[in-house]
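**Q** Have a look at this prediction, sequence included:
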Amino acid sequence: MMMIGRNCGRLAVAGQRLFTTAALRGVSSRAAQLNSQLLAGLVRSTMTVSWARAPANRLRNESTLALVDRANHPHRPDEKVAEEAGLAGAGGEEKGIVSYWGISPVKVTKEDGTEWKWNSFRPWETYKADPSIDLKKHHAPLTFLDKLAYWTVKAIRYPTDIFFQRRYGCRAMMLETVAAVPGMVGGMLLHCKSLHRFGHSGGWIKALLEEAENERMHLMSFMEVSKPRWYERALVFAVQGVFFNAYFLGYMISPKFAHCVVGYLEEEAIHSYTEFLKEIDNGNIENVPAPAIAIDYWRLPPGSTLRDVVMVVRADEAHHRDVNHFASDIHYQGRVLKVAPAPIGYH
Ligand SMILES: [Fe+2]
Ligand SMILES: [Fe+2]
């Protein structure tokens, strides 16, 4: 019922937009033939219908209507906002596109009044990590699938250890490029399942996509302190191609196995970040200041360092471990994910 309701709403909005745009095009093409009084009357009546029917869509309709009198008002206030924010670009055509769709950049500030730098996440999407989470929890592999997942991860770890040795900064950055894949693939497949089964997901789509985004923010933080070389970029590209497809197929065949693999990958990630911390404490890796993006994303105090970032990332990995082993256990008990509410915002 909810889907039908939403679809209907969407169709209504689409119809609304087609109606107003078509009306305007008609107005535009006939403008030379109609006298100015008739044109003004027609535009006025179109505006009235648009605003009365879809007040939430007001900005977009207003912007579309604005094109009719572009010749009289080449620089509208919303264009000026975009220009001031540096988003309109140098070309006149680009400025027109920004104005046409009525999307103006929103300036966000931090609590202290300084400018918010990140477009990919907003202050209300940040959080404080929970470093008190038990890092030693382990899912004992008992069934055949558990053991297969466990040894698959151990087998992946072996060449990884050889490749990276003790370069934990580089290792973290590279492995985050892989770690951000399962959540997106699982979320995407559950999304498709929700559509073709006409059913809810129990929040699991959102939870898995949150995990993917969280992993990507780990990457965005580590790439500020470790730059990949050309062959490492090539390796990521190749591994991503293989891993994405392998996980996609694996999740289609057995989501229980797929989540179990991720659970064990996260256990290994916790181990790797513990080694990373030891290297920082030994002085083998310089404890540089935390990247600005990490300070804002985890709400770290000013003056935080790389060690603080690794601590919160490791806590996140422990949460991913729990979420994925939990998901695997739900399947293990012969249930589907949607019967158990997903841990949205658990990180
Ligand atoms: Fe991560
Ligand atoms: Fe993770």
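**A** That came in fine, so what should we check first? Ligands and ions are numbered 1, 2, ... in the order given.
**Q** What about the closest residue to ligand 1 within the chain, how many residues nearby?
**A** Using C-beta to the ion, the point where the chain gets nearest to ligand 1 is His218, with a distance of 3.8 Å. For every residue, glycine as well, the C-beta is placed using N, CA and C. Look at His218: counted by other C-beta atoms under 10 Å, it has 26 neighbours.
**Q** does the spatially closest residue to it that is not a sequence neighbour sit in a helix, a strand or a coil?
**A** Nearest residue to His218 in three dimensions, chain neighbours excluded: Glu176, at 4.6 Å (C-beta to C-beta, 6 or more residues apart in numbering). Secondary structure, DSSP: H, G, I helix; E, B strand; the rest coil: Glu176 is helix.
**Q** can you pull the contacts of Glu176?
**A** Glu215, Arg216, His218, Leu219, Phe222 (C-beta atoms under 8 Å, 6 or more residues apart in numbering).
**Q** Just those: which are in helices?
**A** Glu215, Arg216, His218, Leu219, Phe222 (DSSP state H).
**Q** how would you label the residue in the chain positioned nearest to ligand 2: helix, strand or coil?
**A** Residue nearest to ligand 2 within the chain (C-beta to the ion): His320, separated by 3.5 Å. Under three-state DSSP, His320 falls in the helix class.
**Q** sorry, back to before: filter the contacts of Glu176 down to the buried ones, PyMOL style.
**A** For the buried members of the contacts of Glu176, the matching PyMOL selection, counting by 16 or more other C-beta atoms under 10 Å, is:
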select buried, resi 215+216+218+219+222
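**Q** With distance to Asn119 and pLDDT added, can I get the contacts of Glu176 in JSON lines?
**A** Below are those laid out as JSON lines (distance: C-beta to C-beta, whole Å; pLDDT from 0 to 100):
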{"residue": "Glu215", "distance to Asn119": "19", "pLDDT": "97"}
{"residue": "Arg216", "distance to Asn119": "14", "pLDDT": "96"}
{"residue": "His218", "distance to Asn119": "18", "pLDDT": "96"}
{"residue": "Leu219", "distance to Asn119": "16", "pLDDT": "95"}
{"residue": "Phe222", "distance to Asn119": "19", "pLDDT": "94"}
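**Q** Using JSON lines, lay out the contacts of Glu176 together with distance to Gly283.
**A** Shown next, in JSON lines, are the contacts of Glu176 (distance: C-beta to C-beta, whole Å):
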{"residue": "Glu215", "distance to Gly283": "29"}
{"residue": "Arg216", "distance to Gly283": "30"}
{"residue": "His218", "distance to Gly283": "24"}
{"residue": "Leu219", "distance to Gly283": "26"}
{"residue": "Phe222", "distance to Gly283": "20"}
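**Q** what's the closest of the contacts of Glu176 to Gln333?
**A** Glu215 (26.7 Å; C-beta to C-beta).
**Q** Give me the residue at the spatial middle of this structure.
**A** Glu213 (4.4 Å; C-alpha atoms, centre = their mean).
**Q** you'd agree it is in a strand?
**A** No. Assessed with three-state DSSP, Glu213 is helix; it does not lie in a strand.
**Q** and Lys128, how many neighbours does it have?
**A** Using other C-beta under 10 Å, Lys128 has 11 neighbouring residues.
**Q** what sits against the nearest residue to it once chain neighbours are set aside?
**A** For Lys128, ignoring the flanking residues on the chain, the nearest one in space by C-beta to C-beta, 6+ apart is Arg299 at 5.3 Å. With contact set as C-beta under 8 Å, 6+ apart, Arg299 has these partners: Thr126, Tyr127, Lys128.
**Q** Dump the residues you listed into a markdown table; add distance to Cys192 as well.
**A** Shown next, in a markdown table, are the contacts of Arg299 (distance: C-beta to C-beta, whole Å):
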| residue | distance to Cys192 |
| --- | --- |
| Thr126 | 30 |
| Tyr127 | 28 |
| Lys128 | 34 |
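**Q** what about the nearest residue to Glu115 once chain neighbours are set aside, neighbour count?
**A** Nearest-residue entry for Glu115: Thr109, 6.0 Å, with adjacent residues in sequence omitted and distances by C-beta to C-beta, 6+ apart. Per other C-beta under 10 Å, the neighbour tally for Thr109 reads 10.
**Q** Repeat that for the one 4 residues further on.
**A** A total of 6 residues lie near Gly113 under the criterion other C-beta under 10 Å.
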